[in-house]
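Asks: Model the following, please.
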Amino acid sequence: MDAEVLFLESSDQAPLDARRFTAAVFGRWGVSDDYLARLVVSELVTNAYLHGSGAIILRLSPAGEGGVPLVEVYDESDRLPTVRPENYAAEDGRGLATIA
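Replies: Predicted coordinates:
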């Protein structure tokens with residue numbers, strides 16, 4: 001199986017489209033438990049939409065070593081994502097910490 005790629009316009013629709021794509025791809029691969037992959041995709045695509053720039057690219061690669069599929073999300077920004085310090089009063093900012 002080859003990697004599958006989705007090009008997304010940077011919009012509030014991007015996370016939903018990315019989750020749907022992930023579910024469809026994992027279904028084709030015969031992976032029934034895609035919950036964690038959809039969570040990771042949603043958080044990373046949302047981060048790219050909110051803090052990145054330009055188009056968003058989602059690449060899903062089938063399981064390699066260790067039997068774990070690879071999820072990659074890119075945008076056109078030169079800035080690298082950063083995990084924010086914990087702030088229990090904040091209403092957002094936990095996505096990358098959750099993924100890490």
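
Asks: And the helices in the protein?
Replies: Under the criterion DSSP state H, the chain contains helices at 14-28, 35-51, 95-99.

Asks: If you count neighbours, what's buried in the last one?
Replies: So the one you mean is helix 95-99. Of the residues in helix 95-99, those with enough neighbours to count as buried (16 or more other C-beta atoms under 10 Å) are Gly95. The C-beta positions use only the backbone N, C-alpha and C, and glycine is treated the same way.

Asks: which secondary structure elements does it contact?
Replies: Using 3 or more C-beta pairs under 8 Å, 6 or more residues apart in numbering; DSSP states H and E as the contact definition, the elements that helix 95-99 packs against are helix 35-51.

Asks: ok, Val45 - contacts?
Replies: Applying C-beta atoms under 8 Å, 6 or more residues apart in numbering to Val45 gives the contacts 8, 14-15, 18, 56, 58, 73.

Asks: Rebuild the residues you listed as CSV, extending it with pLDDT.
Replies: CSV is the format used below for the contacts of Val45 (pLDDT from 0 to 100):
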residue, pLDDT
Leu8, 98
Ala14, 98
Pro15, 97
Ala18, 98
Ile56, 98
Leu58, 98
Val73, 96
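
Asks: out of these, who's nearest Glu91?
Replies: Each of those was scored against Glu91 by C-beta to C-beta, and Pro15 proved nearest at 16.9 Å.

Asks: In this model Ser42 seems to touch that closest one, though I could be wrong.
Replies: Yes: with contacts counted by C-beta atoms under 8 Å, Pro15 reaches Ser42, the gap being 4.9 Å.

Asks: Once you drop chain neighbours, what's closest to Gly93?
Replies: Taking C-beta to C-beta, 6 or more residues apart in numbering, and ignoring the residues beside it in sequence, Gly93 has Arg84 as its nearest neighbour in space, at 4.5 Å.

Asks: Alright, that wraps it up for me.
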